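Novice: build me a model:
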Amino acid sequence: MLARAPELESLHSLRHGFTGRAGGVSNGRLASLNLARRDGETPEALVTNWNRVARELHPDWTSDQVVLLDQIHGGEVVEASTATGPLGTLAAADAVVTTQTQLILAIRTADCVPILFAGPGAVGAAHAGWRGVAAGVVPGTVQRMGQLGVSPGSLVAVVGPHIGVDAYEVGAEVVAGIVDSGVPEFVFVQQRDRPHVDLRAAVVHQLRSCGVGVIMHVRACTFSDRRWFSHRRDGPITGRQAAVIGLCPC
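Specialist: Residues are numbered from 1 along each chain as shown. Just a heads-up that it's a prediction; the model follows:
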């Protein structure tokens, strides 16, 4: 059910992973592990799906420990001290960090880039589409982790499945927004006379510019690989997968 980064998997102090479409109880276009409120989804199915994810992380964890955000494609980063459960949200933001154990930080995506962060005594999760890249959600998360006592050099960042450059054709607004944020133009590739964005390259550039010590990848294109939900491929009615991370009690 969960795709994982081997280097983080070896750390007993935390649990993490990236969900795909399989392993849940949702039906139709949301089949089967949808993790967000969508038309046609029931609260009961969401709770069941999140319980399955929680138990995959740790046999004693439940959906009650999940921390969700109302993601708005911006740069806001918040700190979590309590859970929201699978039917609530903590704040309007696109990244969350914590030093608390047994909270499951979760970012939901359907083409945007999920990034998980881990450092001594703290974890974080961020959601970065092109607007999030332009708004600085990635450096903002690194900075917020620093406020929790984790230096950039001791951070591990894992970039999860997202839309690949071949599928991500964009317009002038996207090009201008990303370039204005300071990301070099090498993240753009011309294909069929149209610009395409390599979101992974943009995120990695920002992570490296912040001095993040280790950057890893769980590679998959959500658009071309139907094991993942994709907004661009299937439209706004599609479901959402999640990137999840939590600290275990010592």
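Novice: how far away is the most centrally placed residue in the chain from residue 133?
Specialist: The residue lying closest to the centre of the chain (Cα atoms, centre = their mean) is residue 114, at 2.4 Å. Residue 114 sits 13 Å away from residue 133, taking Cβ to Cβ, to the nearest Å as the criterion. For every residue, glycine as well, the C-beta is placed using N, CA and C.
Novice: list the buried residues of the helix ranked longest in the chain.
Specialist: The residue-count maximum for a helix in the chain (DSSP state H) belongs to helix 43-57. For helix 43-57, the neighbour count (16 or more other Cβ atoms under 10 Å) marks 45, 46, 47, 48, 49, 50, 51, 52, 53, 54, 56, 57 as buried.
Novice: same deal with stretch 146-158?
Specialist: Neighbour count says stretch 146-158 has 146, 148, 150, 152, 154, 155, 156, 157, 158 buried, by 16+ other Cβ under 10 Å.
Novice: again, but for stretch 187-207
Specialist: In stretch 187-207, counting by 16+ other Cβ under 10 Å, buried: 187-188, 195-207.
Novice: tell me which element the closest residue in space to the residue nearest to the centre of the chain that isn't next to it in sequence falls in.
Specialist: Of all residues not flanking residue 114 in the chain, residue 243 sits nearest, at 3.4 Å (Cβ to Cβ, 6 or more residues apart in numbering). Assigned by DSSP states H and E, residue 243 falls within strand 241-247.
Novice: from the buried residues of helix 43-57, which is closest to residue 211?
Specialist: Nearest to residue 211 among these: residue 57, at 28.7 Å, using Cβ to Cβ.
Novice: my read: that closest one touches residue 15, true?
Specialist: Yes: in terms of Cβ atoms under 8 Å, residue 57 counts as a neighbour of residue 15; the distance is 4.0 Å.
Novice: what touches both of those two?
Specialist: Common contacts of residue 57 and residue 15, defined by Cβ atoms under 8 Å, 6 or more residues apart in numbering, comprise 244, 246.
Novice: which parts of the protein are helices?
Specialist: Taking DSSP H, the helices of the chain run over residues 6-9, 43-57, 130-135, 137-147, 172-180, 199-209, 231-234.
Novice: in CSV: those helices, plus mean pLDDT.
Specialist: Output for the helices of the chain, formatted as CSV (pLDDT from 0 to 100):
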stretch, mean pLDDT
helix 6-9, 86
helix 43-57, 98
helix 130-135, 98
helix 137-147, 98
helix 172-180, 95
helix 199-209, 98
helix 231-234, 98
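Novice: pull the distance from the helix-or-strand element of the chain with minimal mean pLDDT to the chain's centre.
Specialist: Least confident helix or strand of the chain, by mean pLDDT, DSSP states H and E, is helix 6-9 with a mean of 86. Counting by Cα atoms, centre = their mean, to the nearest Å, helix 6-9 is centred 17 Å from the centre of its parent chain.
Novice: next: stretch 211-220.
Specialist: Between the centre of stretch 211-220 and the centre of its chain there are 13 Å (Cα atoms, centre = their mean).
Novice: again, but for stretch 161-180
Specialist: 17 Å.
Novice: then stretch 114-122?
Specialist: Worked out by Cα atoms, centre = their mean, stretch 114-122 lies 12 Å from the chain centre.
Novice: buried ones in it?
Specialist: Using 16+ other Cβ under 10 Å as the test for burial, stretch 114-122 gives 114, 115, 116, 117, 118, 119, 122.
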